[in-house]
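**Student:** predicted coordinates and the sequence they were generated for:
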Amino acid sequence: MPASSQSVFSFPNDEALSAAAAQDWLTLLQNSSGAYTVALSGGRIAKTFFAAVAGLAKASGANFTNVHFFWADELSGPTSVASGRRTRKVIIAWPGRIC
């Protein structure tokens, strides 16, 4: 059986996790060629992550010319009377279109 290339990292808080993820993502972005597509979601950790990306991008002069941003969100549908649970679906939206 081949050795696993996966690693597990532990962070003391959301800010440390966000900073590490932002640095890794910006490194991937800088090393990519051609168009780069990113789906942005919401949530508590996303807000911290976006702030970390913005700060690092500004400091490093990251180029977002070839990056295409889309909003992605997991929305709750109407509450089911029978189960009391909410149905969920993934929405990807861009100007003029929702899939």
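**Tutor:** Received the coordinates, thanks.
**Student:** do a quick rundown of the strands in this protein.
**Tutor:** Counting by DSSP state E, the segments of the chain that form strands are 36-40, 67-79, 86-94, 97-98.
**Student:** confidence score at K58?
**Tutor:** At K58 the predicted local distance difference test score is 92.
**Student:** now do the contacts for A57.
**Tutor:** With contact taken as CB atoms under 8 Å, 6 or more residues apart in numbering, A57 is in contact with L26, F64. Any C-beta I mention is one placed from the backbone N, CA and C, and that applies to glycine too.
**Student:** same check on D14?
**Tutor:** R44, I45, T48 are the contacts of D14 under CB under 8 Å, 6+ apart.
**Student:** take the residues you listed and keep only those in helices.
**Tutor:** Cross-referencing the contacts of D14 against helices under DSSP state H gives R44, I45, T48.
**Student:** ok so, going back, make a ChimeraX selection of whichever of the contacts of D14 turn out to be buried.
**Tutor:** Selection command for ChimeraX covering only the buried members of those, criterion 16 or more other CB atoms under 10 Å:
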select :48
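**Student:** from memory A51 sits against S18, does it?
**Tutor:** Yes - with contacts defined as CB atoms under 8 Å, A51 counts as touching S18 at a distance of 7.3 Å.
**Student:** neighbour-wise, which of the two wins?
**Tutor:** Here A51 and S18 are set side by side on neighbour count (other CB atoms under 10 Å), and the busier one is S18, at 21 against 14.
**Student:** mind listing what I45 touches?
**Tutor:** Contacts for I45 (CB under 8 Å, 6+ apart) come out as D14, L17, S18.
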